[in-house]
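# Structure, please.
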Amino acid sequence: AMNIGRSLAVLMKCGTDSVSLFSVSPAAERLRHILGEDDNTPTPTIFTEMDTLQNEGGEIEWKESARWVKFEEKVEEGGERWSKPHVSTLTLHSLFELRTCLQTGSILLDLEGYSLPQIVDEIVDRQIADGLIPPDLKEKISFVLLRKHRHQTKKPIHRSLADIGKSSSAASSEFVRQAQSRSMNDISDTPSTDQLKNKFMKKIPRDAEASNVLVGEVDFLDKPFVSFVRLAQATTLGGLTEVPVPTRFLFILLGPQGKTKSYNEIGRAIATLMVDDLFSDVAYKARDREDLIAGVDEFLDEVIVLPPGEWDPKIRIEPPKKVPSAEMRHLGQMNGSAGGAAGGEDTEFPAPHELGEELKFTGRFAGGLWLDIKRKAPWICSDIYDGFHIQSISAVVFIYLGCITNAITFGGLLGDATDNYQGVMESFLGTALAGTVFCAFSGQPLIILSSTGPILIFEKLLYEFSKSNGIDYMELRLWIGIHSCLQCFLLVVTDASYIIKYMTRFTEEGFSSLISFIFISDAIKKMDTYHKITPPDYITSYKCECISTITIRHTSVKDAVGETYKTNFLSYLLKLTLYMDWSQLSKKECVNYGGTLVGNSCKYVPDLALMSFILFFGTYSMTVSLKKFKFSRYFPTTLRKLISDFAIFMSIMSFVGLDMLMGLDTPKLIVPTEVKPTRPDRGWLVMPFGKNPWWWYVASFVPALLVTILIFMDQQISAVIVNRKENKLKKGCGYHLDLFWVGVLMAACSFMGLPWYVAATVISIAHIDSLKMESESSAPGEQPQFLGVREQRLTGIMVFVLTGLSVFLAPVLQYIPMPVLYGVFLYMGVASLSGIQFWERIKLYLMPPKHQPDFSFLRHVPLRRVHLFTLVQIVCLAVLWILKSTFLAIIFPVMILGLMVVRKLLDLMFSQHDLAWLDDILPDKDKKTKEDDKKKKRNKKAAEPESDEEPNSSVPPPVKIPMEAIESHTEPVPVHVNPPAQNQTSDCEYTDPFLHLLLCQIVVSCVNV
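Residues are numbered from 1 along each chain as shown. Okay, here's the model as predicted:
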């Protein structure tokens, strides 16, 4: 009855404050003020260790029971190993008890501490000064707090077996022996050797600081002893912490006997809060007790409660692959939108698609080009030295093999299409020249240049037109290249790349998916040609014998040489015939010794088609497996990451070695060995005048316009895909600068009679993937965080320099089988499809709804609308594929523009809400949507005060209960005391918090009505 009376007294205050229930709570207001203070110093990562007081053999010591960096790790009951990292599951009661502990205990902020004994004296003296403990307990409490700390260390199995039983007998006697001669301080002042050599330090960031939680029960206290300490400077306190990390925070809880479980849960609660990004920031910036309590209140506001009857508390929740960032939670606090009441609901619209200021229309002559140069100039030096990393080696090998394979493939096709005016040698030199210049001076050096299918078709049609009309092909091609170069310059100086802003995900995914499917299709088509390499059809005949032909050879020698030599030779042949078993000779030995092979199976050759497919699929499968190896459970993290980085190199070397071991004549990589034009009657320089009528110099402007559209669309769409915000590029990009250098290289390659080059989407994506960086020191259980891409120019330059030097590497490259390189092609095509939403939506057609992944767009868009949008993309992709496979492939760039038109028409089929989740809102529609949202908010605010009726909703609006209304049963009204008064109780146990919450909810509902 007294508890109900106290609760009703609290409810009176809850009722008076209910008018502002839907406004920001005082705790949130206080936190907003704390977190809003300008402080350039970042909050360090906190390593939290919880030690519990143990009594073994009459001796007491602190024993490590759990630790946190991001997730919780417990010492297993066996005491010989750590548990797997898991999400801390706390009881709501322990959080209320912790809140009461912080209200009633002593709080020491910015304490000047240099050693543990001095800090303990300060803590105990403060407790005595505040009247929380009597002075006669000072020595006992100090004695307990200065006992030795035994940390959990990994031991070898044989050592662990040898130590069985030692802890209870030998260890206890050792403690007794030391207790006879030791002083009050039983903890070392400096870190031990085991602490300094602890390998767990690799998991902790360098700037980390420690938070030590000490909980235990003693027999000389009748009420809890609670203290929260923040040191002015982080200090290394000897053997207090498992690792040599300086301590910044201390939480001490000693209490009467009989409540060990309650004390441990409170310790786990404060330890979990200390590694929480938001609360740790509050702990660093708190000015008094109320700030800390406000941090606990806000933590409670975000807590999600699990029903006790619907899950097993013994289950350890695996760490999630992705958690909300601290920046987003801080931003929510600043905006007053933090809180867990919504249950993690998503916003109405996703983050808008932004391409950045690189595509801003300046309205000035070459304004965009000038901004690109200014943006990239500060990174000139770092673009070089950032490439000096072991990861760059694997990237160079991977992209180099892809480039030379592409150069050989397109070089051979160009040679067939142009009667060897352009061949493999021109392809190699053109790739080396264009790629090196572009990577050295472009705005985005991660882009890889290569020949493309539409360019190949244009070259074929142009050569056939020139041949049928008696026009010199090379001279006409030169003028087309010059006009295309000038047209690119015109696009650059007028900031024409601005139209890329209208290319949404719909266009990007359609283009990149098409290129990926082309890579996959070409790799399989190349392998399909190896079916022609079949063995002779001698299935039932396996006989092949070696027969001596000495008689025949004797006759011929007798006619040719003199009598003396004939006698010696016949003597040698006689001995050879008598002592040699011809049936045991191999085919090669039989021929060398002059024998004859007899039998149908002697003409048998191995099945090269089967071997080629083994090399092809083996290279692809091994690469995929090794790329995923960094997520496996085997070997240390560093070794797993190294294997993943060099996956392609290891796969290539493995199957090249297998091919050499088998000794079969599989198709090998053929590289030119001499630097000379493929066609003997042409040189390395094309003259612009003398072979064609003058009016062709002007008329070539028309086909050049088509080439320019092709170059512009190919280059800029690939650049948009590379510069996606998902790649976290930090050095900026330069669409105008990239197009400028592509135009320069168009003219240069035209004068030298080399192929034209443009950004290669798939190889560029592969380049990005091979240079992705992840966090090195991640907390146990935490997935490595994607940090971005190693942006530099060195890998691209090295790839194309090696491509140019491939002529001199021919003796080594000739051992690489072509099926191995086609396997790399297949991997490039498949890998570039990962992360494309279009591909994920295609797979939804084959999944029942209950098995579909929890994609964000499925939460907001009906499934039938998702399938309809995907179907439109599939139809567009099929049309592009058909055009690509015919002579109409030359208008392929115009069809990419057609995708933009189709996307514009989708505004008539789908709402802007659906398009925001499935695609991106067009720039003009984006402005209109924002204006509509503002109008809706204004109308909603204007309508709220006038409405006295309940809203038409099946779900009641969330109600936030001010934590100030929840108070200890000893005080009906919350009173914040710093320091606490003497007549306050220090009992951390919180009585009937759920009854208080229930009654408060009743009053809130009555007030709302």
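# how close does the residue nearest the centre of the chain sit to I448?
Per CA atoms, centre = their mean, the C-alpha nearest to the average position across the chain is that of F786, at 3.8 Å. If you measure F786 against I448 using CB to CB, to the nearest Å, the figure is 21 Å. Yep, even glycine has a C-beta here, placed from its N, CA and C like the rest.
# now swap in F225 and tell me
When distances are taken as CB to CB, F225 and I448 turn out to be 66 Å apart.
# Ok, R268 next?
In this structure, R268 and I448 are separated by 52 Å, where distance is defined by CB to CB.
# okay, the two: which has more neighbours?
With other CB atoms under 10 Å as the criterion, R268 and I448 differ in neighbour count, and I448 comes out ahead with 30 against 25.
# which stretches of the stretch 451-600 of the chain have low pLDDT?
453, 531-542, 549-583, 600 (pLDDT under 70).
# For it, which segments count as strands?
Counting by DSSP state E, counting those that start in this stretch, the stretch 451-600 of the chain has strands at residues 545-547, 596-598.
# where exactly do the strands run in the chain?
When secondary structure is read from DSSP state E, the chain shows strands at 46-56, 59-68, 72-74, 106-111, 149-150, 209-217, 225-235, 247-255, 449-450, 545-547, 596-598, 758-759, 772-774, 786-789.
# The first one pairs with which strands?
In the sheet, strand 46-56 lines up against strand 59-68 (antiparallel), strand 209-217 (parallel) (DSSP bridges).
# just the fourth one next, same as before
In the sheet containing strand 106-111, the strands it pairs with under DSSP bridges are strand 225-235 (parallel).
# for the record, mean pLDDT for the partner strand?
Strand 225-235 shows an average pLDDT of 92 in the prediction.
# Send me it as PDB with only the CA atoms.
Taking only C-alpha atoms (Å, rounded to 0.1, in the frame of the first residue of the first chain), the coordinates of strand 225-235 have been written out as PDB:
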ATOM      1  CA  PHE A 225      29.300   1.500  -1.800                       C
ATOM      2  CA  VAL A 226      29.000   3.200  -5.200                       C
ATOM      3  CA  SER A 227      31.400   5.500  -7.000                       C
ATOM      4  CA  PHE A 228      31.800   6.700 -10.500                       C
ATOM      5  CA  VAL A 229      35.100   8.300 -11.400                       C
ATOM      6  CA  ARG A 230      36.400  10.200 -14.500                       C
ATOM      7  CA  LEU A 231      40.000  11.000 -14.400                       C
ATOM      8  CA  ALA A 232      41.200  14.300 -15.700                       C
ATOM      9  CA  GLN A 233      43.900  12.500 -17.800                       C
ATOM     10  CA  ALA A 234      44.000   8.800 -18.700                       C
ATOM     11  CA  THR A 235      46.500   7.100 -16.500                       C
END
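# Show me what counts as buried in that strand.
225-231, 234-235 (16 or more other CB atoms under 10 Å).
# swap in stretch 376-387?
Judged by neighbour count using 16+ other CB under 10 Å, the buried positions of stretch 376-387 are 376, 379, 383, 386-387.
# Centre of the chain to it, how far?
23 Å (CA atoms, centre = their mean, to the nearest Å).
# How about residues contacting it?
If you take CB atoms under 8 Å, 6 or more residues apart in numbering as the criterion, stretch 376-387 is touched by 443, 445, 731-732, 734, 737, 790-795.
# Take those and write them to TSV, including neighbour count.
Formatted as TSV, the contacts of stretch 376-387 follow (neighbours: other CB atoms under 10 Å):
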residue	neighbour count
G443	25
P445	26
K731	20
G732	19
G734	26
L737	23
R790	19
E791	23
Q792	24
R793	22
L794	20
T795	27
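# Just name the closest of those to S392, please.
The closest of the contacts of stretch 376-387 to S392 turns out to be T795 (CB to CB; 5.0 Å).
# so who does that closest one touch?
Under the criterion of CB under 8 Å, 6+ apart, the contact partners of T795 comprise 387, 392, 395-396, 399, 767, 771.
# Need those in JSON lines (columns: pLDDT and distance to P755).
Output for those, formatted as JSON lines (pLDDT from 0 to 100; distance: CB to CB, whole Å):
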{"residue": "G387", "pLDDT": "86", "distance to P755": "27"}
{"residue": "S392", "pLDDT": "88", "distance to P755": "27"}
{"residue": "A395", "pLDDT": "86", "distance to P755": "24"}
{"residue": "V396", "pLDDT": "89", "distance to P755": "23"}
{"residue": "I399", "pLDDT": "86", "distance to P755": "18"}
{"residue": "H767", "pLDDT": "87", "distance to P755": "20"}
{"residue": "L771", "pLDDT": "88", "distance to P755": "26"}
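# which of those has the most neighbours?
Busiest of the contacts of T795 [other CB under 10 Å] is A395, holding 29 neighbours.
# Give me the nearest residue to it, chain neighbours excluded.
S770 (4.0 Å; CB to CB, 6 or more residues apart in numbering).
# Relative to E726, how far out is that neighbour?
16 Å.
# More neighbours: which of those two?
When S770 and E726 are compared on other CB under 10 Å, the one with more neighbours turns out to be S770, at 23 against 7.
# Quick one: residues in contact with stretch 305-321.
Under the contact criterion CB under 8 Å, 6+ apart, stretch 305-321 has outside partners 70-71, 83-87, 89, 92, 781-783.
# how about the contacts of stretch 376-387, which pair is most distant?
For the contacts of stretch 376-387, the maximum inter-member distance is 20.5 Å, found between L737 and R790 (CB to CB).
# what residue ranges in the stretch 801-950 of the chain score low on pLDDT?
Across the stretch 801-950 of the chain, the stretches falling below the confidence threshold (pLDDT under 70) are 887-893, 922-950.
# one step back: farthest pair within the buried residues of strand 225-235?
Using CB to CB, the two most remote members of the buried residues of strand 225-235 are F225 and A234, lying 24.2 Å apart.
# sorry, back to before: what's the closest of the contacts of T795 to I500?
H767 (20.4 Å).
# so that closest one touches L446, yeah?
Yes - under the contact definition of CB atoms under 8 Å, H767 touches L446, with a separation of 5.6 Å.
# Between the two, which contacts overlap?
With CB under 8 Å, 6+ apart applied, the overlap between the contact sets of H767 and L446 consists of G796.
# Can you give me the neighbour number for K676?
Taking other CB under 10 Å as the definition, K676 ends up with a neighbour count of 10.
# Counting by contacts, list what the lengthiest helix in the chain packs against.
Across the chain, the helix with the greatest residue count (assigned by DSSP state H) is helix 390-417. Using 3 or more CB pairs under 8 Å, 6 or more residues apart in numbering; DSSP states H and E as the contact definition, the elements that helix 390-417 packs against are helix 424-441, strand 449-450, helix 453-468, helix 637-645, helix 647-662, helix 761-770, helix 794-804, helix 818-831.
# Show me which positions of the first one end up buried.
By neighbour count, with 16+ other CB under 10 Å as the criterion, the buried positions of helix 424-441 are 424-439.
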